[in-house]
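In: only geometry, no sequence info:
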């Protein structure tokens, strides 16, 4: 692979914890389409890893629960005709998925008072719109 895939900060995907599976991609291809295993699936045991801090791991396990099979996260790549490029894509996608899933939750939104001008403009616009519609119903001139 072309180097460590950084999840966030100094934490990166350890090559020793990644398992790779290769198979034939579906879809159009060249003359070597029936002989080369270009589809790549990378498996990462999220439940057993020691590469992630415990807090990140718990967050990721919770957020990715629907994608895990026995605590193992799998990512598949088939868009390139080269196995090497599919490996790069799958590993990058896995790192991005883990970064997003282990990110801290956003700060809680604090309720603020709505400014008086905003309310007044909204009500004035409603009045203007109601007057416009009310004016349509009178004096149609179709008689």
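Out: Structure's in. What do you need? Source: prediction; values computed, not measured.
In: I'd like the distance between the residue most central in space within the chain and residue 91.
Out: Central residue of the chain (CA atoms, centre = their mean): residue 97, 6.6 Å from the mean position. Using CB to CB, to the nearest Å, we find residue 97 at a distance of 11 Å from residue 91. Any C-beta I mention is one placed from the backbone N, CA and C, and that applies to glycine too.
In: residue 41 now?
Out: Residue 41 sits 11 Å away from residue 91, going by CB to CB.
In: more neighbours: which of the two?
Out: Counted by other CB atoms under 10 Å, residue 41 and residue 91 do not tie: residue 91 has more neighbours, with 24 against 16.
In: tell me which element the more buried one falls in.
Out: Counting by DSSP states H and E, the element that carries residue 91 is helix 83-102.
In: how about the helix or strand that that helix is followed by, which residues are buried there?
Out: Proceeding N to C from helix 83-102, the next assigned helix or strand is helix 116-137, under DSSP H and E. Residues of helix 116-137 classed as buried: none (neighbour count, 16 or more other CB atoms under 10 Å).
In: likewise for stretch 51-70?
Out: 51, 52, 56, 57, 59, 60, 61, 64, 68.
In: help me confirm that the fifth one comes into contact with residue 99.
Out: No. Assessed by CB atoms under 8 Å, residue 59 is found out of contact with residue 99, at 11.2 Å.
In: for the chain, which spans come out with low pLDDT?
Out: 1-3, 26-35, 138-143 (pLDDT under 70).
In: residue 106: which of the buried residues of stretch 51-70 is nearest?
Out: For those, the residue nearest residue 106 by CB to CB is residue 59; the value is 12.7 Å.
In: on contacts alone, who are the packing partners of the host helix or strand of that closest one?
Out: Element membership for residue 59 (DSSP H and E) is helix 54-63. Counting contacts by 3 or more CB pairs under 8 Å, 6 or more residues apart in numbering; DSSP states H and E, helix 54-63 packs against helix 83-102.
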